[in-house]
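**Student:** Provided below are the primary sequence and the corresponding predicted coordinates.
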Amino acid sequence: MDKLRAMQLFVRLADLGSFTRVAEQTNVSKSMISKEISRLEDALGARLLHRSTRNVQLTHVGQGYLQRAREILEKLQDADHFVQDVQQHPKGKLKINAPMALGLTHLSSLFSDFMKAYPEIELDIHLGDENVDLVEQGFDLGFRASSRPIDSNYVGRALTVFNYRVCVGQDYFEHHPTIKKPLDLQLHNCFVYSYFQGKNIWPIDEGIAINGTLRVNSTIYMMQAIKQNLGIGFIPDFVCQEALQTGEVVEVLKDSQKPKLTLYALYPVRHFVPAKLLQCIEFLETWFAKEFE
């Protein structure tokens with residue numbers, strides 16, 4: 001028995017007072033409606049109706065059940081309306097984790113645009129380069145820039161692809177030997193990014209082991225040392241692009257092979273994905289498509 005359907009028929013029958021009128025409105029036979037109500041009474045172990053040839057009267061138990069059934073159906077309708085409203089007008093909080101450098105460059109502009117488009121969505125953004133468990137930390141969405149496959153525990157949407165650049169300050173070669181091939185890097189002070197998966201092996205051509213006097217967990221911090229001509233960095237282009245354009249730094253080993261860095265939007269695997277999150281993902285995909293077309 002579909003108890004919810006039987007409850008709906010019972011409430012309608014109480015409102016209309018006639019099996020015939022309920023049958024006309026629902027396009028269901030009177031006998032079928034009567035059977036549904038009887039099954040409901042059997043399941044409850046109580047009589048809800050006094051039936052007669054002319055009308056229907058509620059028992060004392062039926063009157064009490066009607067009041068509560070009506071409240072349940074109204075709450076169900078309210079829940080349906082809530083979902084429909086959220087689908088059309090997303091609201092609520094999104095807790096987001098993103099890499100520090102990316103958050104201070106591209107994502108700051110992206111989420112400014114998102115806040116204008118969806119003013120009722122509250123953003124709780126955490127910037128940091130350490131690897132965090134999105135589920136354990138309660139994040140709805142995370143950003144990861146990776147040259148390797150993503151964790152299968154998450155749903156990943158590829159948003160765009162970045163390149164790596166080997167960067168030095170504009171006056172660096174006034175006091176240091178030139179760099180013509182990857183092996184030349186071993187004669188230079190090469191900075192290490194703490195969270196780089198390759199550690200002190202830069203994936204240039206076949207891979208090159210490097211050493212340096214600076215290890216730091218921020219590529220933006222590293223860029224300041226590069227601009228001061230203190231050493232060399234293996235930097236994603238979303239960090240160094242502006243400095244390359246202004247001439248503060250220059251790129252070396254342009255023609256050497258380097259891995260691509262794919263930016264993913266990650267969210268935990270779940271049966272129902274909130275509308276606010278889906279809207280955010282769609283916005284991200286559209287924004288990056290326009291930004292890098």
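**Tutor:** In hand now; what should we look at? Computed from a predicted structure; not experimentally measured.
**Student:** partner residues bridging residue 161?
**Tutor:** Beta-bridge partners of residue 161, counted by DSSP bridges, are residue 262.
**Student:** which residues of the protein fall in helices?
**Tutor:** Along the chain, the segments classed as helices by DSSP state H run 3-16, 19-26, 30-44, 60-88, 100-104, 106-117, 219-227, 237-246, 275-291.
**Student:** Show the pLDDT at the closest residue to residue 168 other than its chain neighbours.
**Tutor:** Leaving out its chain neighbours, the residue that sits closest to residue 168 by Cβ to Cβ, 6 or more residues apart in numbering is residue 232, at 5.3 Å. For the C-beta atoms, the positions are set from N, CA and C on the backbone; glycine is no exception. Among the per-residue scores, residue 232 holds a pLDDT of 97.
**Student:** where's residue 232 relative to residue 156, distance?
**Tutor:** When distance is defined by Cβ to Cβ, to the nearest Å, residue 232 is 32 Å away from residue 156.
**Student:** Please verify my assumption that residue 145 contacts residue 98.
**Tutor:** No. Residue 145 lies out of contact with residue 98 (Cβ atoms under 8 Å); the separation is 9.5 Å.
**Student:** Show me where the protein dips below the pLDDT cut-off.
**Tutor:** Counting by pLDDT under 70, the chain contains low-confidence residues at 53-54, 81-82, 84-89, 151-152, 270-272, 292-293.
**Student:** what's the domain layout of it?
**Tutor:** The record's domain split for the chain, according to automatic domain parsing, is 3-88, 92-154+269-286, 161-260.
**Student:** so can I have TSV of these showing mean neighbour count?
**Tutor:** Putting the domains of the chain into TSV (neighbours: other Cβ atoms under 10 Å) gives the following:
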stretch	mean neighbour count
domain 3-88	14
domain 92-154+269-286	16
domain 161-260	16
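**Student:** re earlier: now the helices of the chain in a markdown table, with distance to residue 178?
**Tutor:** What follows is those, written out as a markdown table (distance: least, Cβ to Cβ, whole Å):
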| stretch | distance to residue 178 |
| --- | --- |
| helix 3-16 | 78 |
| helix 19-26 | 85 |
| helix 30-44 | 87 |
| helix 60-88 | 59 |
| helix 100-104 | 28 |
| helix 106-117 | 32 |
| helix 219-227 | 17 |
| helix 237-246 | 18 |
| helix 275-291 | 35 |
